[in-house]
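*Asks:* Pasting a predicted model and its sequence here:
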Amino acid sequence: DGGITQSPKYLFRKEGQNVTLSCEQNLNHDAMYWYRQDPGQGLRLIYYSQIVNDFQKGDIAEGYSVSREKKESFPLTVTSAQKNPTAFYLCASSRLADTSYNEQFFGPGTRLTVL
Amino acid sequence: QKEVEQNSGPLSVPEGAIASLNCTYSDRGSQSFFWYRQYSGKSPELIMSIYSNGDKEDGRFTAQLNKASQYVSLLIRDSQPSDSATYLCAVKQGGSYQLTFGKGTKLSVIP
């Protein structure tokens, strides 16, 4: 089955810790994205990547970092610099990032809670 | 600043009725429009995309786009309790990587 997987499903972080969220896709999509969703809010873009070894900041990149060493994988690290990291994190992918007919598909999400 | 506005609801409709969900957007350069369904605690699921003015039908769902009025809507015919969810409108400018999401409309279908 083709799809997007995210792990873990739930993650608890202590103050001052860095944590890494995993995102893998086997859809052969070129572009991958990380969004954050807070209760009652729309999704906000953290980072995106159109090709391997290249990524761009979204609207709320401060306190986050990413890497794109493989086409299938786009992990997100939430650093201690992110002051309010408790949220639902969603990874998405699409065939191409710069066409008008680009549909984004989402993984199941990781719910991060700061203790 | 690009904005996408949706009525937060909740919108309550009886089972079998037509549910009408509305979305307005601020950026006239927007060219691609998407509707996602999100069940409580789950991730968004793409249900409709529309790129040109007019109606696009897929089963019980119809998306309507009016670029002159900067308005996109989603109609759900013969609403079922399983349609109860939050519906997110997303807008993409042509040639852009980014989707701008509305905050969503919560739909409740009453049996």
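*Replies:* Okay, I see it.
*Asks:* From here on, just use CA atoms for contacts and neighbour counts.
*Replies:* Noted.
*Asks:* Confirm B:Arg28 sits in a helix?
*Replies:* No - counting by DSSP: H, G, I helix; E, B strand; the rest coil, B:Arg28 is not part of a helix but coil.
*Asks:* so what strands line up beside the helix or strand harbouring A:Tyr47?
*Replies:* Assigned by DSSP states H and E, A:Tyr47 falls within strand A:44-51. When sheet partners are counted by DSSP bridges, strand A:44-51 sits next to strand A:31-37 (antiparallel), strand A:54-57 (antiparallel).
*Asks:* Just name the most buried of these.
*Replies:* strand A:31-37 (a mean of 25; mean count of other CA atoms under 10 Å in any protein chain shown).
*Asks:* Figure out how far the strand holding A:Tyr47 is from the centre of its chain.
*Replies:* Using CA atoms, centre = their mean, to the nearest Å, the mean C-alpha position of strand A:44-51 is found 7 Å from that of the whole chain.
*Asks:* try stretch B:97-110
*Replies:* On CA atoms, centre = their mean, the centre of stretch B:97-110 falls 6 Å from the chain's centre.
*Asks:* Equivalent analysis for stretch B:55-74, please.
*Replies:* 8 Å.
*Asks:* any idea which helix or strand carries the residue of chain A found nearest chain B?
*Replies:* When scored by CA to the nearest CA, chain A has A:Gly42 as its residue closest to chain B, at 4.1 Å. For A:Gly42, there is no host helix or strand (DSSP H and E).
*Asks:* my guess is it contacts B:Phe101, does it?
*Replies:* Yes - between A:Gly42 and B:Phe101 there is a contact under CA atoms under 8 Å: 5.4 Å.
*Asks:* mind listing what residue 55 touches?
*Replies:* This is for chain A. By CA atoms under 8 Å, 6 or more residues apart in numbering or on different chains, the contact set of A:Phe55 is A:47-49, A:66-68.
*Asks:* could you do chain B instead?
*Replies:* So B:Asp55 contacts B:62-65 (CA under 8 Å, 6+ apart).
*Asks:* Just the ones of those in strands?
*Replies:* B:62-65 (DSSP state E).
*Asks:* would you list those in TSV and tack on neighbour count and pLDDT?
*Replies:* Below are those laid out as TSV (neighbours: other CA atoms under 10 Å in any protein chain shown; pLDDT from 0 to 100):
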residue	neighbour count	pLDDT
B:Thr62	17	98
B:Ala63	25	98
B:Gln64	22	98
B:Leu65	21	97
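*Asks:* could you give me the average pLDDT of stretch B:7-17?
*Replies:* On average, the pLDDT along stretch B:7-17 is 94.
*Asks:* Just the CA atoms of that stretch, as PDB, please.
*Replies:* What follows is stretch B:7-17, C-alpha atoms only, in PDB (Å, rounded to 0.1, in the frame of the first residue of the first chain):
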ATOM      1  CA  ASN B   7     -17.500  30.000   9.300                       C
ATOM      2  CA  SER B   8     -16.300  28.000  12.300                       C
ATOM      3  CA  GLY B   9     -19.800  26.500  12.900                       C
ATOM      4  CA  PRO B  10     -20.900  24.200  14.200                       C
ATOM      5  CA  LEU B  11     -23.200  23.700  11.200                       C
ATOM      6  CA  SER B  12     -25.900  21.200  12.100                       C
ATOM      7  CA  VAL B  13     -28.000  19.500   9.400                       C
ATOM      8  CA  PRO B  14     -30.500  16.600   9.600                       C
ATOM      9  CA  GLU B  15     -29.600  13.300   8.000                       C
ATOM     10  CA  GLY B  16     -30.500  13.300   4.300                       C
ATOM     11  CA  ALA B  17     -30.300  17.100   3.900                       C
END
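*Asks:* Noted, bye for now.
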